[in-house]
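**Q** need a structure here:
(one chain, ligands or ions: 1)
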Amino acid sequence: MLLCACASIPLPPAGGVRPPPKAAREVEVCAVVGGEDHRRRWLGVAELSFSEWVTTTISIVVRHPSGVLVIDPAFGRALPVDLRAAPLWSKPILGDLSSKRPIGDLLREVGIAPAEVKFAALSHAHWDHATGLADLPLSVAWLSRTEAEWWPTLEGQFVHGVMPAHLRRAASRLTPFDFDGPPVLGFAASHDFFGDGSVVAVPLPGHTPGSTGYLLAGQGGKRWLYIGDTTWTFRGVEKPAHKNPLLGATVDLDPEQLGVTIGLLHALLLEHPEVQIVPGHDLQDFMPRCEKVFASGPAAAP
Ligand SMILES: [Zn+2]
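**A** Presented below is the predicted three-dimensional model:
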């Protein structure tokens, strides 16, 4: 039986979500897809549904005048080693090598050399969101201070979804940030990376302690909120519901806290549907793919 026996989703009082803040700058935003599999929806969300779930693993590319930012550089060139090292229980989640591609190749195909990437940012420290950091050697790598203090407590090759060795290799570039800005949408605090409202982080704790969402200001007033793995599917926000309880139990550290966060996202969807919520593993057509946004040809190898 796959109906949810996990923590419930408490909903905040109606009317508590602020409209998205005005952004002084709008930027080009798009997604590259590092992995794609076809599954049934019930694997991703606590709902007995046999609808198709096209399971994506995405990285988001933001062209800001200060430099290119990549949010969640998913897979690195060490991908075959990463997958061999993963334990058996994780195979249904991770999929196989044939459906995954390194971030460097994806960027070059849309005209961006990996060495051009000045900034990287993580929604959380899990391997399928962070192991491409090594392939962006000149980037500052932002992550929330809570996440930055959590992952070094983990020991082993693959633990709680994290491959600590990958993060240790990028340790000199990891740059923790604090949620030092005002409340945004329904979230208690925020952090504006460039001071212009184009890329604003909000706390989404529960999946991991320091999980982070990124509110992005696209051209023409478009707004996206990228939510990493807070839910694996858009349906999880829409219903609202946790992940499949068997699989979610292996990766969600604090289900009760996560339920509160999912409730805030559900309220956002109801009250401000103009903010497009984008789960890291359910891209659909929520955000344009970079090959359709960047007309330039492939970049030269760095
Ligand atoms: Zn993930």
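**Q** can we go C-alpha only for contacts and neighbour counts from here?
**A** Noted.
**Q** next, the residue minimising distance to the centre of the chain: secondary structure please.
**A** Centroid check for the chain by C-alpha atoms, centre = their mean gives G228 as the closest residue, at 2.5 Å. Look at G228: counting by DSSP: H, G, I helix; E, B strand; the rest coil, its state is coil.
**Q** how far away is it from A125?
**A** 10 Å (C-alpha to C-alpha, to the nearest Å).
**Q** didn't P209 look like it was pressed against W150?
**A** Yes - using C-alpha atoms under 8 Å, P209 makes contact with W150 at a distance of 7.2 Å.
**Q** more neighbours, those two?
**A** Between P209 and W150, counted using other C-alpha atoms under 10 Å, the more crowded position is P209 (24 against 14).
**Q** now do the same contact list for that one.
**A** By C-alpha atoms under 8 Å, 6 or more residues apart in numbering, P209 lies in contact with T146, E147, W150, L253, D254.
**Q** so L247 is in which element?
**A** L247 is located in helix 245-251, with elements delineated by DSSP states H and E.
**Q** buried ones in that helix?
**A** If you call a residue buried by 16 or more other C-alpha atoms under 10 Å, then helix 245-251 has these buried ones: P245, L247, G248, V251.
**Q** pLDDT and distance to R77 added to those residues, as JSON lines?
**A** Below are those laid out as JSON lines (pLDDT from 0 to 100; distance: C-alpha to C-alpha, whole Å):
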{"residue": "P245", "pLDDT": "85", "distance to R77": "32"}
{"residue": "L247", "pLDDT": "77", "distance to R77": "27"}
{"residue": "G248", "pLDDT": "78", "distance to R77": "27"}
{"residue": "V251", "pLDDT": "85", "distance to R77": "24"}
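**Q** quick one: which of those is nearest to W89?
**A** Taking C-alpha to C-alpha as the measure, W89 sits nearest to L247 out of the buried residues of helix 245-251, at 9.3 Å.
**Q** and the closest one, how far is that from L283?
**A** Counting by C-alpha to C-alpha - L247 and L283 are separated by 20 Å.
**Q** quick one: low-confidence ranges for the stretch 201-302 of the chain?
**A** For the stretch 201-302 of the chain, the stretches flagged by pLDDT under 70 are 295-302.
**Q** that one: helices as residue ranges?
**A** 234-238, 245-251, 255-271, 290-293 (DSSP state H, counting those that start in this stretch).
**Q** pipe those helices into a markdown table and attach distance to G156 per row.
**A** Below are the helices of the stretch 201-302 of the chain laid out as a markdown table (distance: least, C-alpha to C-alpha, whole Å):
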| stretch | distance to G156 |
| --- | --- |
| helix 234-238 | 31 |
| helix 245-251 | 16 |
| helix 255-271 | 23 |
| helix 290-293 | 35 |
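**Q** right, so of the ones you listed, which gets closest to R40?
**A** Using C-alpha to C-alpha, the helices of the stretch 201-302 of the chain put helix 234-238 closest to R40, at 12.3 Å.
**Q** helices or strands next to the closest one in the packing?
**A** Contact analysis of helix 234-238 by 3 or more C-alpha pairs under 8 Å, 6 or more residues apart in numbering; DSSP states H and E lists helix 255-271 as its packing neighbours.
**Q** and the helix it packs on, which residues are buried?
**A** Applying 16+ other C-alpha under 10 Å to helix 255-271 flags 255-269, 271 as buried.
**Q** could you identify the most distant pair in those?
**A** P255 and E271 (24.1 Å).
**Q** show the end-to-end separation of stretch 14-22, please.
**A** 22 Å.
**Q** can you give the distance from that stretch to the centre of its chain?
**A** 22 Å (C-alpha atoms, centre = their mean, to the nearest Å).
**Q** who's in contact with that stretch?
**A** Contacts of stretch 14-22 (C-alpha under 8 Å, 6+ apart): V184, L185, G186, G197, R223, A267, L268, E271, H272, V275.
**Q** now that stretch: buried residues?
**A** Buried, per 16+ other C-alpha under 10 Å, within stretch 14-22: V17, P20.
**Q** with stretch 178-190 instead?
**A** F179, P183, V184, L185, G186, F187, A189, S190.
**Q** how about TSV for the residues you listed, with secondary structure and pLDDT added?
**A** TSV is the format used below for the buried residues of stretch 178-190 (DSSP: H, G, I helix; E, B strand; the rest coil; pLDDT from 0 to 100):
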residue	secondary structure	pLDDT
F179	coil	98
P183	coil	97
V184	strand	97
L185	coil	97
G186	coil	95
F187	strand	97
A189	coil	98
S190	strand	98
